[in-house]
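# need coordinates for the following:
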Amino acid sequence: MMHITMPRRKVTYRWDDRVIDAAKEAATEANSSVSNWLETELFRLLKERGLIPADAKPLGETRGGDRTSGDDGDG
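Here you go, the predicted structure:
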């Protein structure tokens, strides 16, 4: 199986304090990081609007390093 890697980029945005606070609260309720929660919600919204293909899948979690290589560390 071929794995296509799409890197995440670090970006900076200026947000309304109320949006930041609400996103932190929503992420806590979802037991998620704010960054992951925002990416997930924006991905869903952009798919709904047709700006991301309907069959696209999110990148997934990479906390603790990139785990997409398939190396389980037993080697």
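
# stretch 12-25: which residues count as buried?
Using 16 or more other CB atoms under 10 Å as the test for burial, stretch 12-25 gives Ala23. To be clear about C-beta, it is placed using only N, CA and C from the backbone, and glycine gets the same treatment.

# Trp37: neighbour count?
Residues lying near Trp37 (other CB atoms under 10 Å) number 18.

# low-confidence regions, this structure specifically.
For the chain, the stretches flagged by pLDDT under 70 are 1-6, 61-75.

# quick one: the helices in it?
Assigned by DSSP state H, the chain shows helices spanning 17-29, 34-48.

# any chance of the ones you listed in TSV, with distance to Pro58 too?
Below are the helices of the chain laid out as TSV (distance: least, CB to CB, whole Å):
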stretch	distance to Pro58
helix 17-29	15
helix 34-48	5
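
# out of those, the one nearest Pro7 is which?
Closest approach to Pro7 among these (CB to CB): helix 34-48, 13.2 Å.

# could I have the closest one exported to CSV, CA atoms only?
The C-alpha trace of helix 34-48 is given here as CSV (Å, rounded to 0.1, in the frame of the first residue of the first chain):
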residue,chain,number,x,y,z
VAL,A,34,-7.0,23.1,20.2
SER,A,35,-4.9,22.8,17.0
ASN,A,36,-6.3,19.3,16.3
TRP,A,37,-9.9,20.4,17.0
LEU,A,38,-9.6,23.5,14.8
GLU,A,39,-8.1,21.4,11.9
THR,A,40,-10.8,18.8,12.3
GLU,A,41,-13.7,21.3,12.3
LEU,A,42,-12.3,23.4,9.4
PHE,A,43,-11.6,20.2,7.4
ARG,A,44,-15.3,19.1,7.9
LEU,A,45,-16.6,22.6,7.0
LEU,A,46,-14.4,22.9,3.9
LYS,A,47,-15.5,19.5,2.7
GLU,A,48,-19.2,20.5,3.2
